[in-house]
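*Asks:* I'd like to go over a predicted model; first the sequence, then the structure.
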Amino acid sequence: MNQMSPSPAIVTDKALPRLGFLGVGWIGRHRMQAIMESGAATVAAVADSSPEMRSEAAKLAPDAREVADLDALLAEDLDGIVIATPSAQHAEQSIRALKSGFAVFCQKPLGRNAAELKAVLDAAKSADRLLGVDFSYRHTKGISKIREIVEKGELGKIFAVDLVFHNAYGPDKPWFYDKSLSGGGCVMDLGVHLIDLALWILDFPEIARIESNLLAGGEPLSTSAQQVEDFAVATLTLKTGAVVRLACSWRLQAGRDAVIEASFYGSGGGASMRNVNGSFYDFVTERYHGTHAERLAEPPEDWGGKAAVAWAERLRISRQFDPACQTFLSVAEAMDGLYRSAGSQL
């Protein structure tokens, strides 16, 4: 519901949440279709500055109203808004929607820095509205299993984490390469997933130190440059003593489309999720006991829209603020620290 007619915090099972979608390019439509197929909510409206994108979305949801922008969307009779627009718009659009009484699910990054993200969290808490971010890799079978065995202490004390996300291609939209619009390069695009996975699986430990290096075109990235990084390496030393190492890149010539890996090593064993044959979508997950490997999960798996579906299912029960979303700030602060450290290395 809009601000003039605020919705109740609790939703009955008889009333599916009515959602609006802001930004219906490929990823926005994919999340919309996943929610529709789950039956967790109905698509009531779609908004995009491109008539072509609105038309494509209408093919999936022919009963949804087509509107041009957020202003028009905020005037609709909705319970929540799913945002899939360029990164520079995420914080402002999320805050406007939350202050108008809508729950929000937003593409990452929720903010280009910790200050922007905190402003969104404050708006969600003040409005008492549900907030979600599309950290989709949390919802793969393999990562879910790794988190479960880490939580149970079955790997012993975790002392090392290795994370990799190399993409043989760069983004195909110009705004990704404009620092003022994107907030950063491959770290903001890919590294955010790696940092979130490490902190989420380890239950958001405090970070003692961050060391990092950013490159663009094979050269160290100047702090004054408007250019964004296309290669990054970083080491996060946690207060527990564990060391998290990550690397991410665009256009790395690695002989395959992508190299994606999340490995956790403890005093009692290890576990790793790795992509298969350069795939962006297929993963094999194994648990290690010395030299023995035990298979935990393998393809096929349709996981890309599960974060959006989980948010919609929760919204069906309650639109109230979830304090757990405050952990998003830990990810943003780690990102800020990584960028600051890279600047101090120059």
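*Replies:* Perfect, I can see it now.

*Asks:* isn't residue 110 right up against residue 328?
*Replies:* Yes: here residue 110 reaches residue 328: they are 6.0 Å apart, a contact under CB atoms under 8 Å. To be clear about C-beta, it is placed using only N, CA and C from the backbone, and glycine gets the same treatment.

*Asks:* and these two? which has more neighbours close in?
*Replies:* For the pair residue 110 and residue 328, the greater number of neighbours falls to residue 110 (28 against 25), based on other CB atoms under 10 Å.

*Asks:* joint contacts of residue 110 and residue 328?
*Replies:* When contacts are counted by CB atoms under 8 Å, 6 or more residues apart in numbering, residue 110 and residue 328 have 117, 133 as shared neighbours.

*Asks:* could you report the pLDDT at the residue nearest in space to the middle of the chain?
*Replies:* In the chain, the C-alpha nearest the mean C-alpha coordinate belongs to residue 135, at 2.9 Å (CA atoms, centre = their mean). What the model reports for residue 135 is a pLDDT of 98.

*Asks:* ok, now the one 3 residues further on?
*Replies:* With respect to pLDDT, residue 138 has a value of 97.

*Asks:* dump stretch 21-29 to PDB, restricted to CA.
*Replies:* As requested, C-alpha coordinates have been extracted for stretch 21-29 and formatted as PDB (Å, rounded to 0.1, in the frame of the first residue of the first chain):
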ATOM      1  CA  PHE A  21       9.100  -4.000 -10.200                       C
ATOM      2  CA  LEU A  22      11.400  -1.000 -10.800                       C
ATOM      3  CA  GLY A  23      13.800  -1.700 -13.600                       C
ATOM      4  CA  VAL A  24      12.800  -4.700 -15.800                       C
ATOM      5  CA  GLY A  25      15.900  -5.400 -17.800                       C
ATOM      6  CA  TRP A  26      17.200  -9.000 -17.800                       C
ATOM      7  CA  ILE A  27      17.900  -9.400 -14.100                       C
ATOM      8  CA  GLY A  28      14.700  -7.600 -13.100                       C
ATOM      9  CA  ARG A  29      12.600  -9.800 -15.300                       C
END
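
*Asks:* I'd like the average pLDDT over it.
*Replies:* The predicted confidence, averaged over stretch 21-29, sits at 97.

*Asks:* against residue 109, how distant is residue 90?
*Replies:* Counting by CB to CB, to the nearest Å, the separation of residue 90 from residue 109 is 7 Å.

*Asks:* pLDDT weak spots in the stretch 51-200 of the chain?
*Replies:* Counting by pLDDT under 70, the stretch 51-200 of the chain contains no low-confidence range.

*Asks:* strands along that one, start to end?
*Replies:* Taking DSSP state E, counting those that start in this stretch to define them, one finds strands in the stretch 51-200 of the chain at 65-67, 80-83, 103-106, 131-133, 158-167.

*Asks:* out of these, which is the most enclosed?
*Replies:* Highest mean neighbour count of the strands of the stretch 51-200 of the chain: strand 103-106, a mean of 29 (counted as mean count of other CB atoms under 10 Å).

*Asks:* that one pairs with which strands, and in what direction?
*Replies:* Strand 103-106 sits in its sheet next to strand 80-83 (parallel), strand 131-133 (parallel), going by DSSP bridges.

*Asks:* make CSV out of those and add distance to residue 65.
*Replies:* Formatted as CSV, those follow (distance: least, CB to CB, whole Å):
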stretch, distance to residue 65
strand 80-83, 13
strand 131-133, 23
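
*Asks:* nearest to residue 322 among those strands would be which one?
*Replies:* When the strands paired with strand 103-106 are ranked by proximity to residue 322, the top entry is strand 131-133, at 7.2 Å, counting by CB to CB.

*Asks:* contacting residues around the closest one?
*Replies:* By CB under 8 Å, 6+ apart, the residues outside strand 131-133 that reach it are 94, 98, 103-108, 110, 120-121, 124, 307-308, 310-311, 314, 321-322, 325, 328.

*Asks:* now residue 305: closest residue in space that isn't a chain neighbour?
*Replies:* Closest residue in space to residue 305, ignoring its immediate chain neighbours: residue 34 at 2.4 Å, by CB to CB, 6 or more residues apart in numbering.

*Asks:* quick one on the thing from earlier: so which of the strands of the stretch 51-200 of the chain is nearest residue 21?
*Replies:* Proximity to residue 21 (CB to CB) singles out strand 80-83 among these, at 4.9 Å.

*Asks:* touching the closest one from outside, list them.
*Replies:* Around strand 80-83, the neighbours that count as contacts under CB under 8 Å, 6+ apart are 17-23, 28, 31-32, 35, 41, 73, 89-90, 93-94, 97, 102-107, 130, 308, 312, 315, 319.

*Asks:* so which of those are in helices?
*Replies:* Of the positions in these, 28, 31-32, 35, 73, 89-90, 93-94, 97, 308, 312, 315 sit in helices, assigned by DSSP state H.

*Asks:* ranking those residues by neighbours, who comes first?
*Replies:* Comparing the ones in helices among the contacts of strand 80-83 by number of neighbours (other CB under 10 Å), residue 97 comes first, having 31 neighbours.

*Asks:* from residue 43, how far off is the residue nearest to the centre of the chain?
*Replies:* 22 Å.

*Asks:* kindly report the same for residue 22.
*Replies:* Using CB to CB, we find residue 22 at a distance of 12 Å from residue 43.

*Asks:* what's the answer for residue 98, then?
*Replies:* 20 Å.

*Asks:* I figured residue 65 hits residue 42, correct?
*Replies:* No: in terms of CB under 8 Å, residue 65 does not count as a neighbour of residue 42; the distance is 11.9 Å.
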